[in-house]
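Visitor: My questions are about this predicted structure, shown below with the sequence.
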Amino acid sequence: MFPWIRAAFNRTRTWLSPRAVDQDFANELDAHLDMLTDENIRRGMPPEEARRAARIKLGGVTQLKETNHELRGLPFIETFLQDARYASRMLRKNPGFTAVAVLTLALGIGANTAIFSVVYAVLLKPLPYANPNQLVSAFQANTQNGVPETGTSYPNFEEWRAQNHVFSELATIDFHQLTLTGRGEPSEVNTCVVTPEHFAVLDVKPLQGRVFFPEDGKRGAPPVVIVSENLWRGTLGANPNILGSSIILDKRPFTVVGIMPAAFRSPFINNKPEVWIPLVQDPLFGSWMARRGGHWLAVFGRLKPGVSIAQAQAEMDAISERLASEFPAENKGWTVRLVPMQKEIVGDVRTALLVLLGAVGLVLLIACANIANLLLTRATSRSKEIAVRTALGAGRSRIIRQLLSETSVLGLLGGVIGIALAYWGVRALSSLLPDNLPRMNAIRVDNFVLIFALALSAIASVAFGMVPALFASKSDIQSTLREGGGRSGESGNRRRARSFLAAAEIALAMVLLVAAGLLLRSFSKLTSVSPGFDAQHIVKAEVSLPQFQYSKPQQWTAFSDELLAHLQAQPGLQDSAIGIPVPITNGYINLGFEIVGVPPASQSDSRLANYVSVSPDYFRVMGIPLLSGRLFNQQDIASAPSVTLISKALAERYFPNQDPIGKRLNFGFPPNGDVDREIVGIIGDVRDMSLGDAPGPMMYVPFAQAPFWGANLVVKSNLSTSAVTAAIRQEVRKIDKDLPVTDVGKLPDFLDASVSQQRFRTFLLGLFAAMALILAATGIFGVISYSVSCRTNEIGIRVALGASRATILRMILRETLLLTFAGLLIGIPCALIAAHLIGHMLFGVSANDPVTLAAVAFTLTGVATLAGFIPARRAMQVDPMVALRHE
Amino acid sequence: MVSADKSDILQGTLDLMVLKTLDVMGPLHGYGIARRIEQISQEALQINQGTIYASLVRLMQKRWISGAWGTSDNNRKAKFYSITKAGRKQLNAEAENWQRISAVIGRVLRLADRG
C-alpha cells in the first residue's frame, strides 16, 4: 500500500470513531506531564511548581488535542460541513438577500444551461453515426465564378468513386417528396433519394430486412424502397409482412426491402425521412443521371482509416484536374472541396449560436457581479462578526473558507433552481427554434449539459464569492472592534470595489444592449424591406404531378390550364396564377444563359440568372410591375415563338445603355437547355432568394413554353385563407382525386418563416439584453442605496447646516451618474468590438450605427438614474434630528 | 503567523529527527524522544515538547513508526514508539537527501559570501 493511501485510510477510520482515539491521546499527554513533573521534582522544585513548569514545557494541552484531532481526522470535510450548516442558517436568517441572490443566479445559470444545451446538441455533439470523424462532404466549387460549394453530376460522382483511393465509400443524397397512394388519403412522403452505398457510408443497420445492394442502383433494376419505422408503424399499420410487399409512390409500385429504425436520420436532411429509394428509381433526379453538366447531387463519404482530410483533398484535386481536361465543357474551372460533415451540417448557424452563448455568458457575468456586490454589502455589515472570529484565532484562510462555503451553498441552490429553469427553458426554446436549424432533434438537457451547469454554478460561486471573501478576511480587526456598536464604516477599498462592479455591470449591459439594438434594427429593416412583390392576401399552394402518370410536358400544361381555368371561374378567385418557383418560399433555380450573337468577353464571364416559369397572370397577381415592353399573354404557347421577360437587374447588368427588348437569350431548364428566346419586356426586381439578399438578375418564361410536372399556385383573394384552400383542394380533386395539395398557406406567413433564424436570435439577444438591463439597474440601486444608508449621518449634518433637499438629491444623483458614465466609458469600446463581431448578421445597419449607440447610452443613463432616484429620494427625506441621533 | 512553507520545512526536520532518535535509541515514549532531541542538540533546540506529538501522528499515519502502550523505567504507563522497516528505509533516503541539500546550501552560501 502506498503511504498516503494508508494515511487516508487511518484518517477516515479515526474520523469514524473519534472518541476512543481522542481519549488515548489524552492519556498519553497525562503520562508525559507526569514524567516532566517527576523530572522537575528530581531537580528540586516543589511539586506544585514542578507541575506548572511541566505544563509550560509541554505547551497548551487543549491546543495540542485540537491539533491532534485535526491531524488524525478529516478536518477539511468536518469544517466544510460545519461551515455549510452555518451558512444555511445565515441564509435562512436573511430570506430577502437569499431570494434575490439565488434567483439572480438561477436565472443566469438556467439561461446559460438552456443555450448551452442547444450549442452542445448542434455544434459539439458528435454526429449520430459510427466514427463520425471519418465522414466528409464533397462539393464542386468554382472560385472564378464565385461558387463556393455546390453539388455535382452523377457521371462526375461515378468518376470520383471509381478513381479515388482515399474513401472507403462514397454516396450521394438528395431529397424531395413523392406521393404515396393506396393507403388511405393520398399523402406526400419525405423521400431520400440515395445511391445504394448511402447506408454503408453511414455504417447503419436496418431494423428489419436489408439496406440497398449495389444492384439496386443499376439502371433497369426493379424498384425497391426502404421505409422508416415511423411510416411502417403509422401509415403502413405496422404490417408484420411488409417486407416483400409493395407500396405505391407516384403511382408506381416499389417493393419494400427494409425498415430503418425511427432514430435514424440521413445527413443534411432536416425533415424526418419516411422512405429511401435508389437514385435510379427517382422520377425527378433519375432522369438527370446521364448528364455530366449540372450541380445537383450532394456527395458524402467515409475516409479510409488513417487517411486525413488533407490527403483526401489532394487526391480529389488530382481527380478534378483530370476531369477538367477530359470533359472541359462541363468541368473546366471546377474543383472539388472536402468539408468535414459535422461542419457542413452545422453551417452558418455556428456563429449565431456562439454569439448567443457569449451573450448569455455576459448575463451570467452581470449576475455574478450583482451577487458579489450584495455579498460585499453584507460582508460590511458582518465585519464585526468576522473581526470577532479573527480575534478568537481564526486564520485568514479559515475565514475565506467559511465565506466561500456560504457562497457555495448559494451557488448550489442557484444551480439546482437554474437547472430546473433550464429544463423549462429548453422546452420553451424548442418551440422557438427555427425549423431549419440542423440537428434540432438532439437538443435536450442531458448528462453533459448537467455537468456543464454544475461546473458553471461552482465557477460562478467562486467568482462572486472570492472578492468579498478576500476583502472581509483582510479587514483590520482592531479598528473594526473599536468602532462601538451600530454600523461600522466602509473602507474606501471596499467602496471602490463595489463601484467598480456596478460600473462593470453597466458596461456589460451596454455591450448586450448595443448588440440587441443592432439586431433589432436590422430585423425591422429586414422585415420591412420591399421584396419587389406584394404578398398581401396571397395564398400559396403546391400540387405536384406523379411523373409516371403525367410523363409528357403536354400533360403538365393541360393540367395547369385546366386547374387555372376552374379556379378563375370561381367568384373571388379570378386572381390565380402559377409560378415556379415562388420567390423566397421555394428556393430558386439558377441557370446559365447566352446572349445570342454576343459571345462572352472571357471564359470566366459568367452569365447566370434565376429562372422562373409563370402563367400570364402571375405578374398581376404578385404585383410585380412591368417596366417596358409587354407581359406574357395567352398567345405565348408551346407552338408560338419562344419569349422571355427579364428583370431590371439583368437588363442593367448585361445590356447597359441598350434596349434589350427584341434581343435574344438562349437558355432553358434541363433537359431543354438550348432554346433561343426573344426578350419581350423588362419587369421589376424581386428578392427571390431571401429577404436579406439584394435582387439578382432573373429571367421569366411562360409556363406554356416551359412547363413543370406540377404547379405552385398563387391566389390573391379577399376570401379567407381556409375558403381559398378549400376551393383549391376541391378543384384539384375534380381533376385527379389522387393528387395531394401541399405547402398551403398565406404568402406573408412563408415570408415570415424565412426569417425565423434572424427572429430567433434577435428575440433571444433582446431577452438577454433586457435581463442585463434589469440586473445592472438592480446593481446601481444596491450600490446607491447602500451608500445613502452609510451616509445618513453626513446627510443629516448637511441638512442641518442648511443644504436644501435639491442639493442632496443632486449629490446622490451625481454619484449615480458618475458610476453610469464610468460604465458607459468602458462599455462603448467593448460594445463596438462586439458589434463588429456580429457585423455579418446585420442588415441595412452599420456596426457603428450611431443611433443605436446613442439610444442605448440614453436608455442606460435613464434606467440608472431611475435606479438611483429611489435611494436619492430617501436621502432627501432624511430628518436631520433622527440622522444625528443615528449613532 | 508562520507562513506555511516555512513550517513545512520545520515539520519535515522534526519528523526526521524523531525518526533518527527512534532508530538510534530503540522504542521510546514521547517524553523520552523530546528529552533526547533537546540533549542531542545541546539544548540549542528548545522545542515545546507538545509539538513532538504532531510529528508522531504524521509518522504513525505513514506507518514509519508504530506505537504501543507499555511501562516506563519508573513504572509509569506510557505509549512507546518504535521505528518500522519502512521508517528505516525512509530515514536512509531522507538523511541522504538532507546531507545533499545542506551541502548544496553550504556551497551556495559560501559563493554568496565571496561574491
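Guide: In hand now; what should we look at?
Visitor: Skip the chain neighbours and tell me the closest residue to A:Gly217.
Guide: Distances taken as C-beta to C-beta, 6 or more residues apart in numbering or on different chains put A:Pro196 closest to A:Gly217, at 4.2 Å, once the chain neighbours are dropped. Glycine gets a C-beta too; all of them are placed from N, C-alpha and C.
Visitor: got the residue ranges for the strands in chain B?
Guide: B:28-29, B:65-71, B:77-83 (DSSP state E).
Visitor: Just put those strands in CSV and tack on distance to A:Val445 and mean neighbour count.
Guide: Listed next are the strands of chain B as CSV, based on distance: least, C-beta to C-beta, whole Å; neighbours: other C-beta atoms under 10 Å in any protein chain shown:
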stretch, distance to A:Val445, mean neighbour count
strand B:28-29, 61, 22
strand B:65-71, 53, 15
strand B:77-83, 56, 19
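Visitor: And the spatially most central residue of chain A, which helix or strand is it part of?
Guide: Ranked by distance to the mean C-alpha position of chain A (C-alpha atoms, centre = their mean), the top residue is A:Leu353 at 3.3 Å. Counting by DSSP states H and E, the element that carries A:Leu353 is helix A:349-381.
Visitor: okay, and for chain A, where does confidence drop off?
Guide: A:1-18, A:72-76, A:145-146, A:436, A:472-491, A:547-548, A:601-605, A:886-887 (pLDDT under 70).
Visitor: Can you name the residue of chain A that approaches chain B most closely?
Guide: A:Gly59 (3.5 Å; C-beta to the nearest C-beta).
Visitor: And the next helix or strand past the helix holding A:Leu353?
Guide: Following helix A:349-381 toward the C-terminus (DSSP H and E): helix A:383-391.
Visitor: on that earlier part again, relative to chain A, tell me which of the strands of chain B wins on proximity.
Guide: Of these, nearest to chain A by C-beta to the nearest C-beta is strand B:77-83, at 4.5 Å.
Visitor: Now do that closest one: which elements does it pack against?
Guide: Packing partners of strand B:77-83 (3 or more C-beta pairs under 8 Å, 6 or more residues apart in numbering or on different chains; DSSP states H and E): helix A:18-42, helix B:4-25, strand B:28-29, helix B:30-40, helix B:51-61, strand B:65-71.
Visitor: what's the spacing between the helix holding A:Leu353 and its chain's center?
Guide: Chain-centre distance of helix A:349-381: 19 Å, with C-alpha atoms, centre = their mean, to the nearest Å.
Visitor: what packs against it?
Guide: Using 3+ C-beta pairs under 8 Å, 6+ apart: helix A:349-381 touches helix A:95-119, helix A:396-432, helix A:447-474, helix A:492-528, helix A:756-790.
Visitor: strand partners of the helix or strand following the shortest one, parallel vs antiparallel please.
Guide: Towards the C-terminus, the helix or strand next in line after helix A:95-119, according to DSSP H and E, is strand A:135-142. Based on DSSP bridges, the pairing partners of strand A:135-142 within the sheet are strand A:147-150 (antiparallel), strand A:298-303 (antiparallel), strand A:335-340 (antiparallel).
Visitor: Which residues does strand A:135-142 contact?
Guide: A:127, A:129, A:147-152, A:156, A:160, A:170, A:201-202, A:267-268, A:295, A:298-303, A:309, A:312, A:316, A:320, A:333-342, A:344 (C-beta atoms under 8 Å, 6 or more residues apart in numbering or on different chains).
Visitor: looking at the strands paired with strand A:135-142, which is buried most?
Guide: With neighbours defined as mean count of other C-beta atoms under 10 Å in any protein chain shown, the strands paired with strand A:135-142 peak in mean count at strand A:298-303, which reaches a mean of 24.
Visitor: what does that one contact?
Guide: Contacts of strand A:298-303 (C-beta under 8 Å, 6+ apart): A:131, A:134-139, A:151-152, A:157, A:160, A:166-174, A:201-203, A:267-268, A:309, A:312, A:341.
Visitor: Filter these down to the ones in strands?
Guide: Among these, the members that lie in strands (by DSSP E) are A:135-139, A:167-174.
Visitor: List only buried entries from these.
Guide: With burial judged by 16 or more other C-beta atoms under 10 Å in any protein chain shown, the buried subset of these is A:Leu135, A:Val136, A:Ser137, A:Ala138, A:Phe139, A:Phe167, A:Glu169, A:Leu170, A:Ala171, A:Thr172, A:Ile173, A:Asp174.
Visitor: wait, doesn't the residue of chain A closest to chain B sit right on B:Asn48?
Guide: Yes. Counting by C-beta atoms under 8 Å, A:Gly59 does reach B:Asn48; the two are 3.9 Å apart.
Visitor: still on that earlier bit, just name the closest of the buried ones among the ones in strands among the contacts of strand A:298-303 to B:Gly87, please.
Guide: A:Leu135 (59.9 Å; C-beta to C-beta).
Visitor: Many thanks, I have nothing further to ask.
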